[in-house]
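Trainee: My questions are about this predicted structure, shown below with the sequence.
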Amino acid sequence: MKRKPATNEKELALIEKSIINTMRKFRESSKSFWSTDDIRSHLKVLLLKGRLFKSGRLGNVFLSFPTRNTYERREDGSLLPSPTGKNDHFALAGWATSIPTTWNHVTQQLSFAIEMEYLRTMPEKWTVPIRNDLLKLSDEKNEVPLRGRFFLLLTTQPTSLFRGQLNALFEEFPSVRCYQQIAQ
């Protein structure tokens, strides 16, 4: 099995630049994003424009890429790692190598994974989807490198009321780079 090189600084800079550009566009015109899928697609296009990543059958960046680990959902919607559960998905994931790829984690090790949440309103159990995303990114069985873990939270409502809870949640998963943007 071939091992890919670790994500280099140039790739990390492109990923961060793409996330920041997505945040800027969301802040300036949140109405251009109807759903999380719109945001994921926009972010993927920005990554592909950087010409370090490719799309298609032999590409190296994918939407809804399956996790290596399996999970079960509790009654409250939170994920629990379980050998009898099902694979979940990363919103966007990829690797740095240019070797022919498959969707099989046995042959590919990720260079980065991005999770995101788009909350138009703060639902009652708003921490559950955020915690699930952070859990998948930081789960060692998914083998996402420390430097390649990204989380993006986009909201249309100010989160100042929830700031303490949000910071505590982010502190539980220190290996994930977290970004937040509020629409104007």
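Mentor: Arrived safely, thanks for sending. Since the model is a prediction, treat every value here as computed from it, not as a measurement.
Trainee: quick one: low-confidence ranges for this structure?
Mentor: Along the chain, segments meeting pLDDT under 70 span 1-7, 56-59, 97-108, 184.
Trainee: ok, which stretches of it are helices?
Mentor: 9-28, 36-49, 127-138, 163-172 (DSSP state H).
Trainee: what about the longest one, distance to the chain center?
Mentor: On the basis of C-alpha atoms, centre = their mean, to the nearest Å, helix 9-28 sits 13 Å off its chain's mean C-alpha point.
Trainee: and that helix, what does it pack onto?
Mentor: Packing contacts for helix 9-28, counted by 3 or more C-beta pairs under 8 Å, 6 or more residues apart in numbering; DSSP states H and E, involve helix 36-49, strand 112-119, strand 149-155, strand 177-182. Any C-beta I mention is one placed from the backbone N, CA and C, and that applies to glycine too.
Trainee: repeat for the second one
Mentor: Applying 3+ C-beta pairs under 8 Å, 6+ apart, we find helix 36-49 packed against helix 9-28, strand 61-73, strand 86-94, strand 112-119, strand 149-155.
Trainee: Select, out of those, the one closest to residue 51.
Mentor: Residue 51 lies closest to helix 9-28 among the helices and strands packed on helix 36-49, at 9.0 Å (C-beta to C-beta).
Trainee: Run through who's touching that closest one.
Mentor: Among residues not part of helix 9-28, those counted as contacts by C-beta atoms under 8 Å, 6 or more residues apart in numbering are 32-33, 39, 42-43, 46-47, 50, 52-53, 96, 111-112, 114, 147-148, 150, 152, 154, 177, 179, 181-184.
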